[in-house]
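Chemist: sequence below, structure please.
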Amino acid sequence: RDWSSDVCSSDLRGHRHNEGCQQPLLLRNCHAGDLTAHDRRSHARSTARQSQAPFPLPALPESIQNGRMTNAPIDLRARAHQAMLEAGFRPDFPADVLHEVQLLKQGAPKVNGPAVRDLRSLLWSSIDNDSSRDLDQVEYVEKLPGGSTRLLVGIADVDASVPKGSATNGQAAVETTSVYTGVTTFPMLPDELSTDLTSLLDGQERLSLVIELRVADSGEVDGHEVYPAWLRNCAKLAYSSTGAWLEGRAPMPPAVSSTPGMEAQLRLQQATSETLRGLRKQHGALTFGSIEATPVVENGEVKDLVLSHHNVADDIIESFMVAANTAIALHLKERGSLSIRRVVRTPKRWDGIQAIAARFGVKLPPLPDPRALSEFLDQRNAADPVHFADLSLSIIKLLGPGEYIVETPGTEHEGHFGLAVQDYTHSTAPNRRYADLVTQRFLKASLAGGPGPYSEADLSQVAAHCTEREDAARKVERLMRKVAAACL
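Modeler: Residues are numbered from 1 along each chain as shown. Purely as a prediction, here's the structure:
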């Protein structure tokens, strides 16, 4: 979940749960006697370095300690829980949080502020992982007279159920993110909220904040509006099956065929996504390759690793998410509001990226240039798609991670180099990321005309903590991918 979470799938980690473009390290199986004297010496050196490491190194399980291999299974859920604790997370919800959740289940949250629109009749849909139930975002598009497109992105109103000052908010502020280890998920919010009461589940009426965009034929967004609305998700779809269908590789998903008008709606979403994506590419947005490996766990044992590749369904959510996050950042700027911004700074290691390009006979400009880098990446993807994910990972490491910063009214900060946009925030995943929940509170305050919910000093602390916890979550997820692969 490095900065590519902003353009790859889980931000799409907002949406695909591993958001990163990194392939997991696949470790060989260990059998009796496989650990040589050299292996044992290496492990001893690793153990000695344990206290010096910035992140706790995994201990060898008892089944392979002392150079012996047994058939004792590894409790993957317990190992993931241990990794969370070692990384400074508090994966178990305290009693006061669970008590608040029980009270919420007894009645709907109060709705305050501007009048809530009724958009339940629109053909909303969501696209996420096959097993996801923490649904933050739904989409709807329609053609307008004159050729432009009306794009609506509905975002779950999590703040209505998790107000600032509540025990649940306090827990979320400490954790800041859901952590998806592949073998189990450690949610930022209790499941009763994130996968039920505040999730945009199919067929359920939910309160949301809607960002409405007017997209010209050129791909330019020439207007936006934010307002609260009631909506109903008409089709819960998955990246894998929806992408395969739209690409002509599989039959239509049942959720599409059983909903009148949904096929045309998704085809229009695809066309709108391509228009937005085309303009972003002209501006220099970077496109990376990724292969996501998800462990298949049965009765606590890893049976397989299933690979999934980026497809057109990912493109739809990515394009709509980037457009919505950009528009919300602009909305807050226009209202003179404080805001959390998501930035990827101009890379300091541009010389390393130049050196990689030079190996392929490409000379990049002397100063960082996203358009030139985007063209190089596109060329390599066309020339060698098999190894494009490896090249992508090398470039991503040199670009550096994304981070959260605070932008005050009237100031300008560095934008998002990878997306080639100046104004960008995170707002579309409030069930999964605390920064998005904070942004939602600023949005609601701006609509109500009231004071901001955080001071500049408090918001700076939130931004720094979200950045630090995101890095810690990424390390836990990476560790557990390796542990799961080693169990095959």
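
Chemist: what packs against the strand or helix carrying residue 97?
Modeler: Secondary structure from DSSP states H and E places residue 97 in helix 95-104. Contact partners of helix 95-104 among helices and strands, from 3 or more CB pairs under 8 Å, 6 or more residues apart in numbering; DSSP states H and E: helix 167-175. C-beta here means a position set from N, CA and C on the backbone, and glycine is covered the same way.

Chemist: mind checking how far residue 181 is from residue 292?
Modeler: Residue 181 sits 14 Å away from residue 292, going by CB to CB, to the nearest Å.

Chemist: which residues does residue 98 contact?
Modeler: By CB atoms under 8 Å, 6 or more residues apart in numbering, the residues touching residue 98 are residue 190.

Chemist: going forward can the numbers begin at 25, since that is how I track them
Modeler: Fine by me, first position is 25 from now on; the one you just mentioned is residue 122.

Chemist: wait, residue 423 sits on residue 441?
Modeler: Yes. The pair residue 423 / residue 441 is scored as a contact, 6.9 Å apart, by CB atoms under 8 Å.

Chemist: give me the common contacts of the two.
Modeler: Residues touching both residue 423 and residue 441 by CB under 8 Å, 6+ apart: 368, 371.

Chemist: please compute how far stretch 445-453 lies from its chain's middle.
Modeler: 12 Å (CA atoms, centre = their mean, to the nearest Å).

Chemist: how long is that stretch end to end?
Modeler: Distance between the two ends of stretch 445-453: 20 Å, counting by CA to CA, to the nearest Å.

Chemist: helices along the stretch 75-224 of the chain, start to end?
Modeler: Taking DSSP state H, counting those that start in this stretch to define them, one finds helices in the stretch 75-224 of the chain at 100-110, 119-128, 191-199, 215-216.

Chemist: which of the residues in the longest strand anywhere in the chain are buried?
Modeler: Determined from DSSP state E, the single longest strand within the chain is strand 245-262. Within strand 245-262, the residues scored as buried using 16 or more other CB atoms under 10 Å are 245, 248, 250-262.

Chemist: if we can go back for a sec, pLDDT (mean, whole number) over the helix holding residue 121?
Modeler: In this model, helix 119-128 carries a mean pLDDT of 95.

Chemist: again, but for stretch 169-183
Modeler: Averaged over stretch 169-183, pLDDT sits at 96.

Chemist: just the buried residues of that stretch, please?
Modeler: Using 16+ other CB under 10 Å as the test for burial, stretch 169-183 gives 172, 173, 175, 176, 177, 178, 179, 180, 181, 182, 183.

Chemist: just checking, the fourth one touches residue 234?
Modeler: Yes. At 5.5 Å, residue 176 and residue 234 qualify as touching, with contact defined as CB under 8 Å.

Chemist: what is in contact with those two at once?
Modeler: Residues touching both residue 176 and residue 234 by CB under 8 Å, 6+ apart: residue 143.

Chemist: could you check how far residue 338 is from residue 270?
Modeler: 11 Å.

Chemist: check the helices of the stretch 75-224 of the chain for me and report the most buried one.
Modeler: When you average the neighbours per residue for each of the helices of the stretch 75-224 of the chain (mean count of other CB atoms under 10 Å), helix 191-199 leads with a mean of 20.

Chemist: other SSEs contacting that one?
Modeler: Here helix 191-199 touches helix 119-128, helix 458-472, helix 480-510, going by 3+ CB pairs under 8 Å, 6+ apart.

Chemist: using the three-state scheme, assign residue 388.
Modeler: Classification of residue 388 using DSSP: H, G, I helix; E, B strand; the rest coil returns coil.

Chemist: residues in contact with it?
Modeler: Contact partners of residue 388, counting by CB under 8 Å, 6+ apart, are 374, 377, 378, 381, 396, 397, 400.

Chemist: any regions of this protein where pLDDT drops low?
Modeler: Residue ranges of the chain with pLDDT under 70: 25-96, 132-134, 136-137.

Chemist: what residues are up against residue 129?
Modeler: Residue 129 touches 216, 221, counting by CB under 8 Å, 6+ apart.

Chemist: quick check: phi and psi at it.
Modeler: phi -70, psi -20 (degrees, to the nearest 10).

Chemist: ok, so of the contacts of residue 388, who is nearest residue 499?
Modeler: residue 377 (24.0 Å; CB to CB).

Chemist: so for whatever helix or strand residue 403 lives in, what gets flagged as buried?
Modeler: Residue 403 is located in helix 394-407, with elements delineated by DSSP H and E. Under the neighbour-count criterion of 16+ other CB under 10 Å, helix 394-407 has 394, 396, 397, 398, 400, 401, 404, 405 buried.
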